[in-house]
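Enquirer: Here is my input, please return the structure:
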Amino acid sequence: MALSDLLPPDGVITGLSASSRKQVVQSLAEIAARFCNAKPRDIVDAVLERERLGSTGVGDGVAIPHARVAGVDRVFGVFARLRTPVDFDSIDGRPADLIVMLLAPEDSTAEHLKALARVSRVLRREDMRELLRGASDADAMNAILGGEIASDAA
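Expert: You can find the predicted model right below:
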């Protein structure tokens, strides 16, 4: 599963303004709701409930909030680069500025875990994080995210 397969082109946002983890989740839920039959409020509730179990801040300025949500029929995500990093209680203590919110059907397990692993593997790479942080707009970010397939296969 390629990362670009998980993220609809209109689901990649640059320069998102938010001052808290909750605001990030709310903003991304509004965007994600365009791509599924879930209501933004249901997405927010599910993701924040998952956050209560343990932070999804994975370090190096990256967070991967995720949840299984009624009304979602396939695993997909939305991506945002924040204007100003926010605290996601990351394991390294750094605030996050690269956020991928992953959503999955309520009965999804293996595919949800595969998607989480894929996102984590790609964003663990320093070169990918730097390219995404330096991208001028969403089109450039989509090109980077699409190009990671070729660089991973090499």
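Enquirer: Find the nearest non-adjacent residue to N37, please.
Expert: G71 (4.0 Å; Cβ to Cβ, 6 or more residues apart in numbering). No exception for glycine: its C-beta is placed from N, CA and C like everyone else's.
Enquirer: can you give me the strands in this structure?
Expert: Along the chain, counting by DSSP state E, strands occupy 12-16, 57-59, 62-63, 66-68, 76-86, 96-104.
Enquirer: Highest mean neighbour count out of those strands?
Expert: Most buried of these, by mean neighbour count (mean count of other Cβ atoms under 10 Å): strand 62-63, with a mean of 28.
Enquirer: Sheet partners, orientation included, of that one?
Expert: Strand 62-63 has the following sheet partners, assigned by DSSP bridges: strand 57-59 (antiparallel), strand 96-104 (parallel).
Enquirer: if we can go back for a sec, in contact with the residue nearest to N37, which residues?
Expert: Applying Cβ atoms under 8 Å, 6 or more residues apart in numbering to G71 gives the contacts C36, N37, A38, K39, D42.
Enquirer: which phi and psi does it have?
Expert: phi 90, psi -10 (degrees, to the nearest 10).
Enquirer: all numbers from here: first residue = 651
Expert: All right, first residue 651 from here; so that's G721.
Enquirer: And for the closest residue in space to A785 that isn't next to it in sequence, the neighbour number?
Expert: Setting aside the residues directly before and after it, A785 is nearest to M791 in space (Cβ to Cβ, 6+ apart), at 4.4 Å. Neighbour count for M791, taken as other Cβ atoms under 10 Å: 24.
Enquirer: pLDDT score assigned to M791?
Expert: Looking at M791, its pLDDT stands at 92.
Enquirer: The residue lying closest to F685 once chain neighbours are set aside and V750: what is the separation?
Expert: Once flanking residues are discounted, F685 sits nearest to P658: 5.5 Å by Cβ to Cβ, 6+ apart. Separation of P658 from V750 (Cβ to Cβ, to the nearest Å): 13 Å.
Enquirer: list the residues that contact both of these two?
Expert: Joint contacts of P658 and V750 (Cβ under 8 Å, 6+ apart) are V728.
Enquirer: Alright, that wraps it up for me.
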